[in-house]
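**Q** no sequence on this one, just coordinates:
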DNA sequence: TTGTAGGCGTTATCAA
DNA sequence: TTGATAACGCCTACAA
């Protein structure tokens, strides 16, 4: 399979009997070109199999039409849905995506990813790594000034930074409120890892709702997992050992909820009769758990799309009217889907 | 947040008191540079916050150090695991990834994706869209000659094309053999959509194994789904209506198996006693289904890594010794994980 | 070991 | 409307 040698504007120009600039103008439509010339150029381009070199174009235009995406944990439903949403919206804007995965999202060393992306001259950057411990410490005005416009996903609001996130707290409130409204009085919580911002938010929503209802939200009602089904199983056993009286459970994600359901079955607690369970995320499988899982619908795809739209506005604003200078934060609100488990 | 104006090699050179080429050589290590010069260059680069422009470098070197990945269905476990594997291996080789998603994988119109990727001068291409109906019709020598080296994932072998795939058929054999060896005699099959190559392979493995064991593999023992849990549920009802005598089921993926388990429970068939069930894929949740699912482990991540290694060899060979000219195909073999359902 | 000059493929500028 | 020319930022001969 011998590669065809590069066909350039000059080749097309020669064949069409015009100058390189005319070829460029004809193909990009930047400036008007006579109908005759345009036709000849298009013919020549097709005949030669010409395809413009975006690297060269990017070099002179100082625009790569590429967005960098740094994310993590792609094998999970959430991050991959977000990525899919990002891609769809980027496609609509004719952006390409440069993908970079971070192996350990809790790690602070992000310089490699950062410079890889920046060196490739992306027009904007979406930071979709979840906020864990101090893995946002690198965000300084100093460093940001060397980056293209950045939109951060799933982290708490910060001054002078653009953030787009799911409103985890309100999602948790939805879930817990549903349980309380059904008459449950001892609502426990299986939390995600404390280091995760999203886990803390969901827990906070649980606390707030119980307090508001005049119900206890004590430490003994909480067990933390690591998002995995195994940890959910473990958490329920722990919880029941400490507090055999609980009658409902808000679980911080669907995977752990799956483990909870299994453990409940093994321990002879009927769901929802003895123990009502609500999850979070709404992974596709959750509708087919036994019993099917009542859960919070996390609009991950929409989050991705929204991030791209925000970034697009930032990029356009950057070299036009200096629009988006005031950093802003936006939150998408989850909904609740009620099924058998609660 | 004002963007810093571009810092170039010339700026670094001026500050370090050397020539641009010395800067280049010092930073890339292409050619030897005196220790003194190197130190001054590095200092200057750091002070100026210099970051090389990969677009410019790619233009002159004719190497973008970027791999294009075209895939589909990212919200599913398989494709996203593969992508994660691709990324990991690409990272080790210092490649960046240009991601492109195809909305409808059964569609034949792939030219947009193709030219977007080619125009960005990727050094190689991984085509990870599943083979469905005639969505490979575009693969012609004519067109391939205009593309960089391409590795195709998950499709049947073809002459003059590099293919890396999971050996679906042998995975299916593993599953069915397990059922037969446990004494099951009427083993039905919930298949994926006929249009999918992978679905046909898995079904073929089912047929082969039953034939070899002298057991029937008739049409009435097959129901096709669309990979979703809902379709699995539906398929089991159909199957039992036709053939109430079946005692085992090989399901073409874990998601459908989840639907099957649920339907079985509702219909009062005990798994595995009345009906043994084996799935395919080994999604993380499957270990926590009730009962936990015996299934075929699909090395998706490994597939991605392998694809990148293959592509890397192709790229290196392309402009060195003309190595990988003979197209080749490789298949990764799945394994079986035995749990409660069979 | 270092510097100079030229060009990678494209678009922008300016003059025709 | 068109064409020559000069960048964009970098690397690689080649010369010193």
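**A** Everything's here; your move. Please read these numbers as outputs of a predicted model, since none were measured by experiment.
**Q** pretty sure residue A:180 contacts residue A:213?
**A** Yes - judged on CB atoms under 8 Å, residue A:180 makes contact with residue A:213 at a distance of 4.9 Å. For every residue, glycine as well, the C-beta is placed using N, CA and C.
**Q** where's the closest residue to DNA strand C within the stretch 151-300 of chain A relative to residue B:204, distance?
**A** Nearest residue of the stretch 151-300 of chain A to DNA strand C: residue A:151, at 25.9 Å (CB to the nearest atom of the strand). Distance of residue A:151 to residue B:204, computed by CB to CB, to the nearest Å: 47 Å.
**Q** do the same with residue A:181
**A** 53 Å.
**Q** higher neighbour count, these two?
**A** Higher neighbour count among residue A:181 and residue B:204: residue B:204, with 14 against 9, using other CB atoms under 10 Å in any protein chain shown.
**Q** give the buried residues for whichever strand or helix holds the more buried one.
**A** For residue B:204, the host element (DSSP states H and E) is helix B:197-212. Neighbour-count burial for helix B:197-212 flags B:197-203, B:205-210 (criterion: 16 or more other CB atoms under 10 Å in any protein chain shown).
**Q** same check on stretch A:218-231?
**A** A:221, A:222, A:223, A:224, A:225, A:227, A:228, A:229, A:230, A:231.
**Q** now the third one: how far from DNA strand D?
**A** Look at residue A:223 and DNA strand D: by CB to the nearest atom of the strand, to the nearest Å, they are 52 Å apart.
**Q** mind giving me the packing neighbours of the helix or strand encompassing that residue?
**A** Using DSSP H and E, residue A:223 sits in strand A:222-224. Under the contact criterion of 3 or more CB pairs under 8 Å, 6 or more residues apart in numbering or on different chains; DSSP states H and E, strand A:222-224 touches strand A:187-191, helix A:229-242.
**Q** any idea which of the ones you listed gets closest to chain B?
**A** Chain B lies closest, by CB to the nearest CB, to one member of those: helix A:229-242, at 4.1 Å.
**Q** given the helix or strand bottoming out on mean pLDDT in chain A, what are its sheet partners and their directions?
**A** In chain A, no helix or strand scores lower on mean pLDDT, DSSP states H and E than strand A:329-332, which sits at a mean of 88. Neighbouring strands of strand A:329-332 in its sheet, by DSSP bridges, are strand A:162-166 (parallel).
**Q** pLDDT on the strand it pairs with, on average?
**A** Taken as a whole, strand A:162-166 has an average pLDDT of 95.
**Q** other residues contacting it?
**A** A:149-157, A:198, A:298-300, A:303, A:306-307, A:310-311, A:314, A:324, A:327-332, A:334 (CB atoms under 8 Å, 6 or more residues apart in numbering or on different chains).
**Q** re earlier: quick one: strands adjacent to the strand holding residue A:223?
**A** Going by DSSP bridges, the partners of strand A:222-224 are strand A:187-191 (parallel).
**Q** list the buried ones in stretch A:260-275?
**A** Under 16+ other CB under 10 Å, the buried positions of stretch A:260-275 are A:260, A:261, A:262, A:263, A:264, A:269, A:271, A:272, A:275.
**Q** what comes into contact with that stretch?
**A** Contacts of stretch A:260-275 (CB under 8 Å, 6+ apart): A:190, A:229, A:232-237, A:240, A:246-249, A:251, A:277, A:289-291, A:293, A:340-342, B:288, B:290.
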